[in-house]
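>>> I'll drop the sequence and a predicted model, then ask my questions.
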Amino acid sequence: MDDAPRFPLTEKIVAGVFLILLGALFILDNLRIVDAGSLWDYWPLLLIVPGVTRMLAPARPGQKLWGAILFVVGGLLLLRNLDLLWIPFHKVWPFLLVVFGIYLIFQTMTRRSVAAAPSGPDAGTRAFDGARAGLSATEGFAGRTSVSQLNEFALCGGGHRFVQSADFRGGSITVVAGGFDIDLREAAIAGDKVSIELFVMMGGVVLRIPETWKVVVNVTPLLGGSDLKSRTVASPETVRTLVVNGFILMGGLEVKN
């Protein structure tokens, strides 16, 4: 049996390999052996690199799907930039809507089952509340709840949530053209670790957490990003872990105390 440690495959390693190959290509271009074109032509590598990583080393169920989508989209754009394939985007852009619709359904179908807990408002109520918050001042729209699982949805709106559950079990947050401010500072995690499934499209989410929590952000950003500003002030024995998984498109996530 081979007990030799395996070399971990990470996004940095995949990015390093692509940079080496790209650098070698432009060295050959400088030597007039090949015509590499313009450096800007290779911007789709920003999609291909995370796509390859998520296909080869997914951290959770569903990442292979997004990895394949990023790889295919990035590959088609790269072929188009290199004049190897012509794609009329004005005819195929609705494909993006189909992709995000599939993701929303997939996210719901693959959500981990949790113990039965008092449920929050239904999807219709959440959508109505989110839209209402977007049309009015969201500062005046706040919900204080003791439910154990988040199940938040906002379309062209958003709001504030104050979670006070002593048995918090994670949940999901979906935002399309809106935002949520989720305050978890008075909540307590059930067990050692919980996860939140996040989907943000043209919006933002702010998570406020206690200083006794450690946060692991495992999101795929596309024209967006995440900002981790929280600090952990607790002994290793009492620290609880919050894992944030998901996808961000033209939006952002901010985690702070």
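It's in. Numbers count the residues shown, from 1 in each chain.

>>> burial of the residue lying closest to residue 193 once chain neighbours are set aside, as a residue count?
Nearest non-adjacent residue to residue 193, counting by C-beta to C-beta, 6 or more residues apart in numbering: residue 241, 4.3 Å away. C-beta: built from backbone N, CA, C; applies to glycine. The local packing of residue 241 (other C-beta atoms under 10 Å) involves 15 other residues.

>>> quick one: the strands in the stretch 151-257 of the chain?
Remark: strands assigned in the stretch 151-257 of the chain by DSSP state E, counting those that start in this stretch are 158-163, 171-176, 179-183, 193-201, 204-208, 213-222, 225-228, 240-249, 252-256.

>>> just checking, what packs against the fifth one?
Using 3 or more C-beta pairs under 8 Å, 6 or more residues apart in numbering; DSSP states H and E as the contact criterion, the neighbours of strand 204-208 among helices and strands are strand 171-176, strand 179-183, strand 252-256.

>>> comparing those strands, which comes out most buried?
Highest mean neighbour count among those (mean count of other C-beta atoms under 10 Å): strand 171-176, with a mean of 23.

>>> among the helices and strands packed on strand 204-208, which comes closest to residue 224?
Closest to residue 224 of the helices and strands packed on strand 204-208, according to C-beta to C-beta: strand 252-256, at 5.4 Å.

>>> give me the sheet partners of that closest one and which way each runs.
strand 204-208 (parallel), strand 225-228 (parallel) (DSSP bridges).

>>> the bottom helix or strand of the chain by mean pLDDT?
helix 123-135 (a mean of 45; mean pLDDT, DSSP states H and E).

>>> of the strands of the stretch 151-257 of the chain, which is nearest residue 43?
Once these are compared by C-beta to C-beta, strand 213-222 is nearest, at 12.5 Å.

>>> and that closest one, how far out from the chain middle?
7 Å (C-alpha atoms, centre = their mean, to the nearest Å).

>>> tell me the domain boundaries of this protein?
11-92, 123-256 (automatic domain parsing).

>>> most tightly surrounded among the ones you listed?
domain 123-256 (a mean of 18).

>>> hang on, the earlier thing: wait, which of the helices and strands packed on strand 204-208 is closest to residue 217?
In terms of C-beta to C-beta, the element of the helices and strands packed on strand 204-208 nearest to residue 217 is strand 252-256, at 6.8 Å.

>>> name the surrounding residues that touch the closest one.
Applying C-beta atoms under 8 Å, 6 or more residues apart in numbering, the external contacts of strand 252-256 come out as 198, 200, 204-209, 215, 217, 219, 224-230, 244.

>>> run the angle between that strand and strand 193-201 for me.
Following axes from the mean of the first three to the mean of the last three C-alpha atoms, to 10 degrees, one obtains 150 degrees for the angle between strand 252-256 and strand 193-201.

>>> element containing residue 13?
Using DSSP states H and E, residue 13 sits within helix 11-30.

>>> got any ranges where this protein has weak pLDDT?
Low-confidence segments of the chain (pLDDT under 70): 1-12, 59-63, 89-93, 103-104, 106-146, 234.

>>> thought residue 226 was touching residue 217?
Yes: with contact defined as C-beta atoms under 8 Å, residue 226 reaches residue 217; the gap is 5.2 Å.

>>> intersection of neighbour lists for these two?
Common neighbours of residue 226 and residue 217, using C-beta under 8 Å, 6+ apart, are 244, 253, 255.

>>> what's across from the first one in the sheet?
Under the criterion DSSP bridges, residue 244 forms beta bridges with residue 196, residue 217.

>>> again with the last one
Residues in a beta bridge with residue 255, per DSSP bridges, are residue 207, residue 228.

>>> all helices for the stretch 1-150 of the chain, in order.
For the stretch 1-150 of the chain, the helices defined by DSSP state H, counting those that start in this stretch cover 11-30, 45-56, 63-81, 89-92, 94-109, 123-135.
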